[in-house]
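> Prediction below, plus the sequence it came from.
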Amino acid sequence: MTAPQTTAAAVPAPAPIPTGANELTGKRRVAFASFVDENYLPGFLVLLRSLALSNPGVCEDFLVLHDGLRPASVARIRALHPRVELRRVDAGHYDSYAKGDQDNYLVRKAYFILDVFRVRDYDTIITLDTDMVVLGDLEELLRLREGLAAVPQFFYGQHKLNSGLLVIQKEFLSDEFCARIDATGRSGDYELDKHDQGILNAVLDGDFIQLDPRYNYVKRRLSGDLPVPDDVAILHFTGRHKPWQGGEQGYGQAEQRWRDFELSDAEFHAAYMDAPGNKHHDLMVHFGTPHVKRTGHVESARRVAAAHIAAGEYQEAVDLLSGVDIPVDEAWPHEVLGHALMSVSRYEEARAQLLLATAAPNRAPTAFARLAQMAWIHGDDESAREYALAGLRVDPTHRSNRLMQQRTTDVPKPREGAPEEQLAHVAFYMEKQGNAGDKLLPETVRLTFGTDTGPRRWHSVHAHRLFGEEALARVNARRGLVIGGGGLFIPDTMPNGNSAWQWNVPDEMLNAIDVPIMVYAVGFNAFDGQSYRAGRFNASLRLLVEKAAFFGLRNHGSIEKVRSLLPAELHDKVRFQPCPTTVTRQLVEGWTDPLVRENTVMINAAYDRAGLRFGHDYGHFLAEMAKAVRALGEHAEVQCAAHSLDDEKIAFDLRREHGISMPVVPMYDFDNDAIRGTYARTKLVIGMRGHAGMIPFGCGTPIISLISHPKMAYFLSDIKRPEWGISVHDRNLGDVLTERAVDLLEDHARTVADVHGRQQELWKVTQENAADLRTILGAPLS
């Protein structure tokens, strides 16, 4: 059956959306920077090793400023850091400076680091001299968000900075500040023998944030061969006698700390793998992969593979672990390899690995849980239940096994209507205590097709189950197939190798569907720093668009992303279809707006993929939210709206860190009517999850979005209310959030009317699309 094709309705698009995810979320872009040349290359290589070994969980971009490096030198630098960016300095720019011997190497080197102030694509830059060695944790520096910070000079008083380490924020990475630097340099009104340091001190005149000396601990403090204090984070070998040039008498203990990092590649890789603490994915892969290839060390291979899996790099994990000999009795590597194999849909191989892992009591519960999940994916509820029970016998508290056992026990079989009267519906059907937004979504999608959302009119197809021949036959017996809504285009929620997005559908099965396919209000849901397995995802996406009679995405940001992956001839098939949760008031039969609302403000914070959401700024976010909660508490009762169990963390953290108590509303335990009713009765919802904004908006409740994901900004752009969002990284989050929230609360009737007006625009689009869907189906939607 060939479905009628429709042309997307002419819908006014919102203002152009920024292409960079950081621009949408406000996430700080942080980089280290050094000026490097051939003379100081040995020192820089030691600096890079020391940074990785002292801060194994930190990996920011590293800007290498230079005026010419040999290819072999560049290769050595890249081997020691996975995110190096080379930037050539404008060597002639400083010829006009008034003082100093411009032919003197040290003078020119000192000036060149000033080029860092001409960088415009980062929010925070930390400069490190190449004669430094990192000995301690730098997290305090990474959390700095304001001003220009440095350690005062050791010999010359607190009003002058030592330029060896600078923490520079965006307001100093500006044309205005560069003009002040240039004017001072050309005037000669600075200390002759201090060069860049003299210019900066002349410009700043003591106006800088003073850091503890341990962040730029100069060698001269250790004269007389004193030991390096334990709390020193950065040791700076100032002066002309560098450790790689033979050093200087009287500093033997300090120089030994430098030589501790003068390692061969093999020694360095082994040292990184043995370093304590959490390790950053990029560093783990960059150093761990050659270490595994060199040594065949199984435990190292497991750890690197686990890092790949955590980043959605499942095939890379398979390739790495498949290249080492795993002893039969090494359970953990077998479990990780099984996890990777099932994530690329190599299910039989995964099953063999996971069965081996069940032999060890400490790994058996997780291995059984994955076996149960795989059986469920294949539609075998009985085997899934048996595996889950086996896991519970080892660990009765194992949550994944308990949920699977509940999911597959006494599952009622719905009495469905006649197939020819039904629509099939591919969706993510949420379990008990699952995400409240995902729980509500399938029913809300169905409401756009008619008031009957049950099995008489709908045949459910879980997106995460393998779509095989039997499922295909059932779908082809229906009137059509609806796919959505929600963020189905995401790579790491129930990963599979068949499509590389949430619906586990092989191309041959998708191609064999012969009823109309309607992709409805789906979102492109990747976070900052996430990427898809481009080849597999792009091929599946293209086939889906080609097959679809209707292809509607829930925001214009997703439309732009998806169109960029498609050939031009398919662009017009991709249209705007708002998430139906945003028009709830129009969809729910008999809906009435509350006459009186509860005097509450609900706050939702999300913690899945927390590193991608917050970066280094979670402490700042929490402190600013504490400020806002206290202020808003003078206007209403502030509650925590928990869409999932993890969302309760903000209540725990505010209590522990700031002494603030906030009642928790466990929406993960609510049914759909209770979710809608709760959001309809409150006065304001401040939400980080997408559906913590869209659902209350659809219920007619004002919202403010805490933006940690591009989709939040996409939605606010679509309704032309970007001021209803604020980045979780905003410097003044607490004050700005309070001001906006109080403004909405004080004129609540006006705000509610504005919500209704914005919602009406989305409802018009939904109605226009419904007319096209009726044409596609050749009959009323229900």
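That came in fine, so what should we check first? Small disclaimer: the values here were computed from a predicted structure and weren't measured. Residues are numbered from 1 along each chain as shown.
> quick one: low-confidence parts of the stretch 1-150 of the chain?
Across the stretch 1-150 of the chain, the ranges flagged by pLDDT under 70 are 1-22, 98-110.
> can you pull out the strands in the stretch 451-600 of the chain?
Per DSSP state E, counting those that start in this stretch, the stretch 451-600 of the chain carries strands over the ranges 458-462, 481-489, 517-524, 550-553, 574-576, 600-604.
> Got the confidence number for the residue nearest to Arg676 when sequence neighbours are not counted?
Spatially, and ignoring its direct neighbours in sequence, Arg676 is nearest to Cys699 (5.7 Å; Cβ to Cβ, 6 or more residues apart in numbering). Quick note: C-beta positions are derived from backbone N, CA and C, even for glycine. Here the pLDDT value assigned to Cys699 is 98.
> Figure out the helix or strand that the most centrally placed residue in the chain lives in.
Centroid-nearest residue in the chain: Leu612, 2.5 Å away (criterion: Cα atoms, centre = their mean). Per DSSP states H and E: Leu612 is located in helix 610-614.
> in that helix, what's buried?
By 16 or more other Cβ atoms under 10 Å, the buried positions in helix 610-614 come out as 612-614.
> Now do that helix: distance to the chain's middle.
Chain-centre distance of helix 610-614: 5 Å, with Cα atoms, centre = their mean, to the nearest Å.
> and if you look at stretch 313-332?
The chain centre lies 26 Å from the centre of stretch 313-332; the measure is Cα atoms, centre = their mean.
> since we're on Gly778, how many residues are nearby?
Gly778 has 11 neighbours, counted by other Cβ atoms under 10 Å.
> whoops, I mixed them up, Ala350
Ala350 has 22 neighbouring residues, counting by other Cβ under 10 Å.
> So what's the residue count around His556?
Number of residues near His556 (other Cβ under 10 Å) recorded here: 19.
> correction: Glu248
Glu248, neighbours per other Cβ under 10 Å, totals 17.
> So it, which state does it fall into?
Under DSSP: H, G, I helix; E, B strand; the rest coil, Glu248 falls in the coil class.
> wait, isn't it in contact with His241?
Yes: between Glu248 and His241 there is a contact under Cβ atoms under 8 Å: 3.7 Å.
> Let's see the distance spanning stretch 232-251 from one end to the other.
The first residue of stretch 232-251 is 16 Å away from its last residue (Cα to Cα, to the nearest Å).
> Give me the buried positions along it.
Quick answer for stretch 232-251 (16+ other Cβ under 10 Å): 232-238, 242-244, 247-248, 251.
> One more: stretch 389-398?
389-392, 394-395, 398.
> now it, how far from the chain's geometric center?
Distance of stretch 389-398 from its chain centroid, counting by Cα atoms, centre = their mean, is 32 Å.
> Just give me the longest helix of this protein.
helix 748-777 (DSSP state H).
> ok, and for that helix, which residues are buried?
For helix 748-777, by 16+ other Cβ under 10 Å, it's 751-752, 754-755, 758-759, 761-763, 765-766, 768-769, 772-773, 776-777.
> number of nearby residues for Tyr347?
Under the neighbour criterion other Cβ under 10 Å, Tyr347 is assigned a count of 18.
> pLDDT of the stretch of helix or strand Arg740 belongs to, averaged?
Assessed by DSSP H and E, Arg740 sits inside helix 733-746. Averaged across helix 733-746, pLDDT comes to 97.
> Outside of it itself, list whatever touches it.
Applying Cβ atoms under 8 Å, 6 or more residues apart in numbering, the contact partners of helix 733-746 are 601, 620-621, 623-628, 631-632, 635-636, 683-684, 686, 702, 704, 706, 723-724, 726-727, 730, 751.
> Among the residues you listed, which are located in strands?
Assigned to strands by DSSP state E, the following of those qualify: 601, 684, 686, 704, 706, 726-727.
> Would you format these as JSON lines with distance to Ile517, pLDDT and neighbour count included?
Formatted as JSON lines, the ones in strands among the contacts of helix 733-746 follow (distance: Cβ to Cβ, whole Å; pLDDT from 0 to 100; neighbours: other Cβ atoms under 10 Å):
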{"residue": "Val601", "distance to Ile517": "42", "pLDDT": "98", "neighbour count": "25"}
{"residue": "Leu684", "distance to Ile517": "39", "pLDDT": "98", "neighbour count": "26"}
{"residue": "Ile686", "distance to Ile517": "37", "pLDDT": "98", "neighbour count": "28"}
{"residue": "Ile704", "distance to Ile517": "37", "pLDDT": "97", "neighbour count": "24"}
{"residue": "Leu706", "distance to Ile517": "35", "pLDDT": "96", "neighbour count": "26"}
{"residue": "Ile726", "distance to Ile517": "38", "pLDDT": "96", "neighbour count": "24"}
{"residue": "Ser727", "distance to Ile517": "37", "pLDDT": "94", "neighbour count": "22"}
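> Which of the residues you listed sits closest to Val36?
Nearest to Val36 among the ones in strands among the contacts of helix 733-746: Ser727, at 33.5 Å, using Cβ to Cβ.
> Now do the phi/psi pair for the closest residue to the closest one other than its chain neighbours.
Once flanking residues are discounted, Ser727 sits nearest to Gly26: 2.7 Å by Cβ to Cβ, 6+ apart. With angles defined as degrees, to the nearest 10, Gly26 sits at phi 70, psi 10.
> need the contact list for Gly26.
Contacts of Gly26 (Cβ under 8 Å, 6+ apart): 707, 727-730.
> what about 7 Å?
Neighbouring residues of Gly26 by Cβ atoms under 7 Å, 6 or more residues apart in numbering: 707, 727, 729-730.
> Make TSV out of those and add distance to Met694.
Below are those laid out as TSV (distance: Cβ to Cβ, whole Å):
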residue	distance to Met694
Ile707	14
Ser727	19
His729	22
Asp730	22
